[in-house]
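Participant: structure for the following, please:
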Amino acid sequence: MKITNCKTNHVLSPLGFAMDSATVSWTAASDVSKSQMKARVLVASDPAMTQILYDSKEADLSCTGVQLPINLTPRTAYYWTVQVWGDGGDTAVSGVNYFETGKREEPLAGQWITPPWTESPYIRKSFQTTNVQKARLYVIGLGLHYLEVNGKKVGDDFLAPGCTQIDRLCQIYTYDLTDYLKDGHNVLGVMMGNGWYKAAFGASTAHRAQTPFIDKYLLKAELRLTLADGSEQIITTDESWRCAPSPIVEDSIYGGEVYDARLAIAHWSEPTFDDSSWDAMTATEAEGVGAPADRLSLPIVIKETVKPIEVIHTPAGETVIDLGQNIVGWLSFRVNEPAGTAVKLQHGEILQDGCFYNENLRYAKAEYVYVSDGTEATVSPYFTFFGFRYVKISGNTKPIDLKDFTGCVVYSDLDETGFLTTSDSRINKLYLNAKWSQKDNFLDVPTDCPQRDERMGWTGDAQMFCKTACYNMDTYAFYRKYLRDIWVEQKEFGGRVGHVAPSFFRDYNKFNAFWQGGSCAWGDAAVIIPWTLYEHYGDTAILAECYQSMTGWVDWIDRTVLNEEGLWEHGFKFGDWLALDGDPNQKDDRYGGTDTTYVASAYLKYSAGLVAKAAAVLGRTEDAARYKAISDRTKAAMQKAYFDEDGTISIRTQTAHVLALVFGLAKEEHRPAVAKALMKLLEQSNMHLQTGFVGTPFLCQTLSEAGYTEAAYTLLFQNDFPSWLYEVDMGATTIWERWNSVLPDGKISGTGMNSLNHYTYGSIVQWMYEHICGLTLTAPGFRSFKIRPEFSSRFTHVSMRYNSPMGTIETGWEQTDGGYRVTVTVPFDTTAVLELPDREPMPLTPGRHTVTV
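Facilitator: As a prediction, this is how the structure comes out:
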């Protein structure tokens, strides 16, 4: 037996994360036992596990989440182990695991300080110390901070302290500096950039006018050193900290960065440097900044690298590097140019007529300019990121050598958990495109697009892709932070949920109804994401933590936007965004052809039903009954308004029929007729989808569950517009925002709103996992699941692996002479059922199974 994947609040060894309570989880595997007989969790205040704070005793504990009944104190390290016993007589004890609280409710010591001028600063604090046993830095640097100690970068993260609604909450980041310090003279160095908060940011000119939130750099830090004799040395920000202008001449998220190496100060963060000519930092007030709180953001890191595949000399005489993949991050490159040479990198997603193109980035310049000081250096930006495949390089005097360039792929520190492959290379490419779009857009918040003047956490996109995201990566902690982003603003607006979180609005009242939030499918993220996390990871803590947000959203709908018939008629509604069946005669056909009141009421029925389920899980029986009543009442109102007595739906769109089936709007006896009507609509469109953001995630799932799997496969394999493989055949390496983002002649279809890296339509991957491969959970956390593959002669073989909270699940099938061979691996302490055509369901125990049909 072996125990791995030991996490606290779904983070490996969290240091300084927000922690009102601690839940521990782990994964066990055994070659001897099939199931767990018992487990025991020990928590101690020391790594030797001698000072026990909690002992669960031997009990029936769930590996997906054990909440520790201990009172957590600020700035305290806790150590824990788990022992598991199997029914085969084997046992294992984990290694010693660790988590450490941050400031919690304790105020962050120190003054807010700022440079006495406006340039991006170098900041340093010199101090003497000796015999340091433990060093912790608690810091907020706004806009963004970058840390060095004694000349070395601290940690591997970038773009700290992350992206939040800064006027309501700013995150305290905690760093372990123990190994960076030495006896004697030490220096803590800080560089600062504008980031999300000190430069214009927003999806429109009016939106950007609400920013920036701050007009000066702000730094607040508390360094605590525990010495060998047990005493503490505390260093905090004050006017003794020194500063000088840094080489960063310009920087912003949208604009990019200009770095003039001639202004760089060598050894600036080292103890030997003389800072006597530097200016003193100035104490100030942090106007426009909300309450400090411990971080929930995962580190933003360089997760992988990509080498460019080609240097292109375009018809326009440009020099362009092609990475071969649309990524998010930056280029790291070696430069050796004469002093004063300004090498400019411009970033784009696509070529047009063989030439560089970036007009779909709109306001965003997305440039990196490096001005050489005449020495050789390997360089990359500090305080920005780009979404790009192509990089136009100008200003260089020496030839471009591809080996000098590396694409750094930057996103939140998420582990991949899902892996799928088939015998069809195009389907494999589609799968990878969806995963790449997730990587590229999961940078602290689930953004809609990572390249243009937007890059915001649209709530609708986030919930529509959530199930796919949970298969692809371990997203619990990432989404938990995002749900806090939602709640921070939602609680101030009576339960209404914004279209984006963080919103980057200081005053909603200055905006029209569109920007004030409260749209169906978008606001429902407050309900759907927590429920999805509970289902996938099996931890009830997320439901308890988000319960006010979940109920608040449904309550806001119930009291605010319903008509006398109980339908969601009032207020702004996106509808089936970017569906292809919108009325072309309308001024704006992006809302699709499905009646928005129908879409909104369907989501109310669905979300109220999920809240009722969440209430039941949490033991809130009265709430469960109340929200089920709202769900049932809404269904009845929709039946009266939109369904004939024979079940015919008055709204003749694909999405209307999909929602009727997947959300349970149709009566049970009418479901076959509704599914048949959906098939007729597909046939009328020559077996092509017409769905938008709302309908597409459910389309193939609905067809499969209604018995029309062959139709779902037909949609998957269509390769002309509109279809998933149309994008693949057009050379896409990520998922597009629109079905026709690029036209058949290679021309981009428009620049107003046209991202080539937008994950929503990548939600088809959920259907690949659950229907092509057949994996469906039947108990939260995959404690039990079924395998029901849907075979197709289009594939000779398919396979998938999913690192579930219970362990690794593998399944796949391949064609044989006259049939199929199915293989399934069931993890320890898990039960499964294999469902095959013309066979009785087959219970599966942990281990590997092969069945021929």
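
Participant: what segments of the stretch 751-853 of the chain are helices?
Facilitator: 764-767 (DSSP state H, counting those that start in this stretch).

Participant: hey, where'd the strands end up in it?
Facilitator: Secondary structure of the stretch 751-853 of the chain (DSSP state E, counting those that start in this stretch): strands located at 775-777, 784-787, 797-804, 807-816, 819-826, 831-834, 842-844, 847-852.

Participant: now render those strands as TSV, adding distance to residue 365.
Facilitator: Every residue, glycine included, has its C-beta placed from N, CA and C. Below are the strands of the stretch 751-853 of the chain laid out as TSV (distance: least, C-beta to C-beta, whole Å):
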stretch	distance to residue 365
strand 775-777	44
strand 784-787	48
strand 797-804	40
strand 807-816	45
strand 819-826	50
strand 831-834	52
strand 842-844	56
strand 847-852	54
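
Participant: how about those in JSON lines, adding distance to residue 61, mean pLDDT and mean neighbour count?
Facilitator: Formatted as JSON lines, the strands of the stretch 751-853 of the chain follow (distance: least, C-beta to C-beta, whole Å; pLDDT from 0 to 100; neighbours: other C-beta atoms under 10 Å):
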{"stretch": "strand 775-777", "distance to residue 61": "20", "mean pLDDT": "98", "mean neighbour count": "20"}
{"stretch": "strand 784-787", "distance to residue 61": "17", "mean pLDDT": "98", "mean neighbour count": "21"}
{"stretch": "strand 797-804", "distance to residue 61": "18", "mean pLDDT": "99", "mean neighbour count": "20"}
{"stretch": "strand 807-816", "distance to residue 61": "16", "mean pLDDT": "98", "mean neighbour count": "19"}
{"stretch": "strand 819-826", "distance to residue 61": "21", "mean pLDDT": "98", "mean neighbour count": "18"}
{"stretch": "strand 831-834", "distance to residue 61": "18", "mean pLDDT": "98", "mean neighbour count": "19"}
{"stretch": "strand 842-844", "distance to residue 61": "24", "mean pLDDT": "98", "mean neighbour count": "15"}
{"stretch": "strand 847-852", "distance to residue 61": "23", "mean pLDDT": "97", "mean neighbour count": "12"}
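
Participant: do you know which of those lies nearest residue 380?
Facilitator: With C-beta to C-beta as the measure, strand 797-804 is the member of those nearest residue 380 (31.3 Å).

Participant: ok so, going back, out of the strands of the stretch 751-853 of the chain, nearest to residue 351?
Facilitator: Residue 351 lies closest, by C-beta to C-beta, to one member of the strands of the stretch 751-853 of the chain: strand 797-804, at 33.7 Å.

Participant: okay, the angle between the closest one and strand 807-816?
Facilitator: For strand 797-804 against strand 807-816, the angle by axes from the mean of the first three to the mean of the last three C-alpha atoms, to 10 degrees is 170 degrees.

Participant: where along the stretch 401-550 of the chain do the strands fall?
Facilitator: Secondary structure of the stretch 401-550 of the chain (DSSP E, counting those that start in this stretch): strands located at 405-412, 418-422, 442-443, 445-446.

Participant: make TSV from the ones you listed and add distance to residue 826 to it.
Facilitator: Output for the strands of the stretch 401-550 of the chain, formatted as TSV (distance: least, C-beta to C-beta, whole Å):
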stretch	distance to residue 826
strand 405-412	31
strand 418-422	17
strand 442-443	29
strand 445-446	31
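
Participant: report pLDDT for the residue nearest to residue 744 when sequence neighbours are not counted.
Facilitator: Distances taken as C-beta to C-beta, 6 or more residues apart in numbering place residue 721 nearest to residue 744, at 7.0 Å, with adjacent residues excluded. On pLDDT, residue 721 comes in at 97.

Participant: which is the succeeding secondary structure element to the helix or strand of the chain with the lowest mean pLDDT?
Facilitator: Lowest on mean pLDDT, DSSP states H and E among the helices and strands of the chain sits helix 205-208, with a mean of 82. Scanning forward in sequence from helix 205-208 by DSSP states H and E, the next helix or strand is strand 218-227.

Participant: picking that back up, please state the offset of the least confident helix or strand of the chain from the chain centre?
Facilitator: Offset of helix 205-208 from its chain centre (C-alpha atoms, centre = their mean, to the nearest Å): 25 Å.

Participant: name the helices or strands packed onto that helix?
Facilitator: Counting contacts by 3 or more C-beta pairs under 8 Å, 6 or more residues apart in numbering; DSSP states H and E, helix 205-208 packs against no other helix or strand.

Participant: buried residues in that helix?
Facilitator: Of the residues in helix 205-208, 207-208 count as buried by neighbour count, 16 or more other C-beta atoms under 10 Å.

Participant: before we move on, what about stretch 494-506?
Facilitator: Here stretch 494-506 shows 495-505 as buried, counting by 16+ other C-beta under 10 Å.

Participant: and what of stretch 766-779?
Facilitator: Under 16+ other C-beta under 10 Å, the buried positions of stretch 766-779 are 766-775, 777.

Participant: quick check, nearest of those to residue 214?
Facilitator: Residue 214 lies nearest to residue 766 out of the buried residues of stretch 766-779, by C-beta to C-beta, at 40.1 Å.

Participant: residue 466 is in contact with that closest one, correct?
Facilitator: No: at 9.2 Å, residue 766 does not count as touching residue 466 under the criterion of C-beta atoms under 8 Å.

Participant: where does the stretch 501-650 of the chain have low pLDDT?
Facilitator: The stretch 501-650 of the chain contains residues with pLDDT under 70 at 508-513.

Participant: report how many residues lie close to residue 193.
Facilitator: For residue 193, the neighbour count with other C-beta atoms under 10 Å is 27.

Participant: for it, which non-adjacent residue is spatially closest?
Facilitator: residue 383 (2.8 Å).

Participant: wait, a strand at the one you found?
Facilitator: No: counting by DSSP: H, G, I helix; E, B strand; the rest coil, residue 383 falls outside a strand, being coil.
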